[in-house]
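**Q** what's the 3D shape of this:
(4 chains)
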2 protein chains.
Amino acid sequence: MARQPKGVTISDVAAKAGVSLSTVSRALNGNPTVDPELVVRVQDAAAELQYSASPVARSLVLGRTQTVAVVVPDLANPTFQAILRGVSRAAAADEYHVLVADSAESVDEERVLATATRRRTDGVILCSPRLAQDELDRLIGGLRPVVLINRSAGDAPTVRADYRGALGAELEHLRALGHRRIVFLAGIERSVANAARLEAIEAFRAQHPDVEVNEIACGVDFDAGAAAADAVLASQATAALAFNDLVAMGLLSAVQDRGRRVPADLSIVGFDDIPFARYTTPPLTTARVPAEEIGVQAWERMRGQLDGTAAAPALSLTPELIVRGTSGPPPA
Amino acid sequence: MARQPKGVTISDVAAKAGVSLSTVSRALNGNPTVDPELVVRVQDAAAELQYSASPVARSLVLGRTQTVAVVVPDLANPTFQAILRGVSRAAAADEYHVLVADSAESVDEERVLATATRRRTDGVILCSPRLAQDELDRLIGGLRPVVLINRSAGDAPTVRADYRGALGAELEHLRALGHRRIVFLAGIERSVANAARLEAIEAFRAQHPDVEVNEIACGVDFDAGAAAADAVLASQATAALAFNDLVAMGLLSAVQDRGRRVPADLSIVGFDDIPFARYTTPPLTTARVPAEEIGVQAWERMRGQLDGTAAAPALSLTPELIVRGTSGPPPA
DNA sequence: CTGTTAGCGCTTTCAG
DNA sequence: CTGAAAGCGCTAACAG
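**A** Numbering: from 1, shown residues only, chains lettered A, B, ... in the order given. A predicted model of the protein is given here:
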């Protein structure tokens, strides 16, 4: 691996301006204790030489890289893409850079990437980490400053979507439409996101004993949803609540392929409101997770730690129920 | 902005192992000229102290950051997301990190980000840069090593999708189905991507004077496609070729809202084959741009420059025509 | 206000 | 084979 071609350094500027290194450093960093005339001379010299200080050298001496890491479980997931976008834009506005790392849903990778990227950055934002709780608790100590998305651990700032509340709203929506047999297509068994959804279901059952809510093991992507179609239809449920929009879309497509009409024969509701949820036929009823906003808020909390500002409180954004075309009254 | 808490340094390890700094450095970097027994002692000490060398310090002394930058015009675009994913995964496999920068379709930002991110990385991958050709030519000199995606400039390695060829294939497909009046929904006027498509149309016209191909100014997203619906229907064309899938989906949706059937009344073909193109109703006929593969190949070319390997040749990947449900014979 | 000096944490000559 | 010393390019005391 070749080394960088050596560029123009601060010494070159100092020589050209006829001053010392420190004066160049001060002048260029806006230190007010520099003769205005010298400042101009230095700036001119720097401009002529197209000089700008080496970020790497500054990072070493300042102990700060102006970069944060974002670790996501899957860069192919639209929700994580939106969160990354939010972080990226918000951080850029504050002159920070973003290092991305995709753990590809591997817990081992996640652990390694979190620590490895942390060392080359000033902090790390862990997006829906898949790590078990005890491991996460242990890990974040060495990661600080850290911001967690959709998880909590110790005193680390958190930004989350309120899955519990939103799923509850979806269940209420279906019940209000008249549904009494609902099936939930579960995501990844042991995942935290899934657990939050199951809690919401539990609470709903307790409150509405007249409604039957059953679970079907499913998965998190389009194919998983499609594969669950037969089980859903066999269950006699009049409405299906999918773990996320991808699953809902897979189910929608497979169910329609089998000649059933949505929502006349079966109502389907998703979760996330990914960009394409509006464009299914009929458009998907879902709960809108403000993913980009989550990214922005995560950055906000990171910046708070970085500049020592009062830490912004933990934030829980409740996804808004978006009623579109895939939910309706149950068949008569 | 707070400084890093100071961690354990190489000196701590040296002290603990009872050797000098240099020996620790050598031992940990697998330099063979170290007494095997000392190597063990050093490794043990390092392990006990949980030491690992500061990437920032190494970057400074080695002149290499083990990081590359990827500059994209829009992180919300599924194609760029896929390219980023490809680069990210391929680079990770080679122990490289990825810094992302989103220029948000701003030419000015793009120029600034390219230079700024380059300084903290070992090279930059410019994804469909929006910069004018002369500016791009000028810019890449100071950016090397650089890889261009969907553009060419000087001798910079390039990976591109063959828009021209693929659009030609789509036109042939429509003609074979019997269409003789085709309308093209153009993207951003002055963009390179649009120019390539117009060239393809020109070539097709020359070869098939019996087919009429007209252009309609449109845009690049769903709403632009939807907004063009009336113009498309008014044009009397029997088939519409959209700048990309988003536009095609917008058009599809709006046309169906107006009670027209696709493809019975109008055929629609897209471009890109974004993940959701399969899931429209009917599924979208399009040309598959292997975006993630483009990312992988871009990394391949970056790595070639980084390790001085023979530079991989420029690569043009031809998108495959994916015939699905939105294209059919023209109405009788 | 400015220059000199000492590092930031590491790798790599250069001696031994 | 190992240690001492010289930097990588920059900032920040510390003197003047």
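
**Q** C-alpha from now on. contacts and neighbour counts both.
**A** Fine.

**Q** Mind giving me the packing neighbours of the helix or strand bottoming out on mean pLDDT in chain A?
**A** Here the helix or strand of chain A ranked lowest by mean pLDDT, DSSP states H and E is helix A:192-207, holding a mean of 89. The contact analysis (3 or more CA pairs under 8 Å, 6 or more residues apart in numbering or on different chains; DSSP states H and E) places helix A:192-207 against helix A:163-177, strand A:212-217.

**Q** who wins for proximity to DNA strand C among those?
**A** When the helices and strands packed on helix A:192-207 are compared by CA to the nearest atom of the strand, helix A:163-177 sits nearest DNA strand C, at 41.8 Å.

**Q** Adjacent strands (with direction) for the next helix or strand along the chain from the closest one?
**A** Later in the chain than helix A:163-177, the nearest helix or strand by DSSP states H and E is strand A:181-186. Looking at strand A:181-186 with DSSP bridges, its partner strands are strand A:212-217 (parallel), strand A:239-242 (parallel).

**Q** Now render these as a markdown table, adding mean pLDDT.
**A** A markdown table is the format used below for the strands paired with strand A:181-186 (pLDDT from 0 to 100):
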| stretch | mean pLDDT |
| --- | --- |
| strand A:212-217 | 95 |
| strand A:239-242 | 98 |
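
**Q** Between these, which one is closest to residue A:101.
**A** strand A:239-242 (27.9 Å; CA to CA).

**Q** just to revisit the earlier point, return the most buried member of the strands paired with strand A:181-186.
**A** With neighbours defined as mean count of other CA atoms under 10 Å in any protein chain shown, the strands paired with strand A:181-186 peak in mean count at strand A:239-242, which reaches a mean of 28.

**Q** Show me where chain A dips below the pLDDT cut-off.
**A** Low-confidence segments of chain A (pLDDT under 70): A:1-6, A:310.

**Q** Which residue ranges of it form strands?
**A** Counting by DSSP state E, the segments of chain A that form strands are A:67-72, A:97-102, A:124-127, A:146-149, A:158-161, A:181-186, A:212-217, A:239-242, A:267-269, A:286-288, A:315-317, A:320-322.

**Q** Make JSON lines out of those and add distance to residue A:199.
**A** As requested, these are exported to JSON lines (distance: least, CA to CA, whole Å):
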{"stretch": "strand A:67-72", "distance to residue A:199": "24"}
{"stretch": "strand A:97-102", "distance to residue A:199": "29"}
{"stretch": "strand A:124-127", "distance to residue A:199": "21"}
{"stretch": "strand A:146-149", "distance to residue A:199": "19"}
{"stretch": "strand A:158-161", "distance to residue A:199": "14"}
{"stretch": "strand A:181-186", "distance to residue A:199": "12"}
{"stretch": "strand A:212-217", "distance to residue A:199": "12"}
{"stretch": "strand A:239-242", "distance to residue A:199": "14"}
{"stretch": "strand A:267-269", "distance to residue A:199": "18"}
{"stretch": "strand A:286-288", "distance to residue A:199": "17"}
{"stretch": "strand A:315-317", "distance to residue A:199": "16"}
{"stretch": "strand A:320-322", "distance to residue A:199": "18"}
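
**Q** Tell me which of these sits nearest to residue B:281.
**A** Once those are compared by CA to CA, strand A:267-269 is nearest, at 16.4 Å.

**Q** packing partners for the closest one?
**A** So strand A:267-269, by 3+ CA pairs under 8 Å, 6+ apart, packs with strand A:239-242, helix A:245-257.

**Q** now do 7 Å
**A** strand A:239-242 (3 or more CA pairs under 7 Å, 6 or more residues apart in numbering or on different chains; DSSP states H and E).

**Q** what comes into contact with the strand it packs on?
**A** Applying CA atoms under 7 Å, 6 or more residues apart in numbering or on different chains, the contact partners of strand A:239-242 are A:179, A:181-185, A:248, A:266-271.

**Q** Repeat that for stretch A:42-53.
**A** A:8, A:13, A:16, A:17, A:24, A:27.

**Q** repeat for stretch A:70-84
**A** Residues from elsewhere that reach stretch A:70-84 (CA under 7 Å, 6+ apart): A:98-105, A:114, A:124-127, A:129, A:274, A:291-292, A:294-295, B:85.

**Q** Spell out for me the PyMOL command that would select the buried members of those residues.
**A** Buried members of these, defined by 16 or more other CA atoms under 10 Å in any protein chain shown, are picked up in PyMOL with:
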select buried, (chain A and resi 98+99+100+101+102+103+114+124+125+126+127+129+274+291+292+294+295) or (chain B and resi 85)
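
**Q** Break chain A into its domains for me.
**A** Chain A is divided into the following domains under automatic domain parsing: A:10-62, A:67-161+A:291-317, A:163-289.

**Q** End to end on the longest one, go ahead and measure it.
**A** Read that as domain A:163-289. One end of domain A:163-289 sits 9 Å from the other (CA to CA, to the nearest Å).

**Q** what residues does chain A put near chain B?
**A** Contacts of chain A with chain B, taken as CA under 7 Å from any CA of the partner chain, map to A:1-4, A:55-57, A:59-60, A:62-64, A:75, A:85, A:98-100, A:119-120, A:280-281, A:306-308.

**Q** For DNA strand C, tell me which of those residues show up nearby.
**A** Taking CA under 7 Å from any atom of the strand as the test, DNA strand C is in contact with A:57, A:60 out of these.
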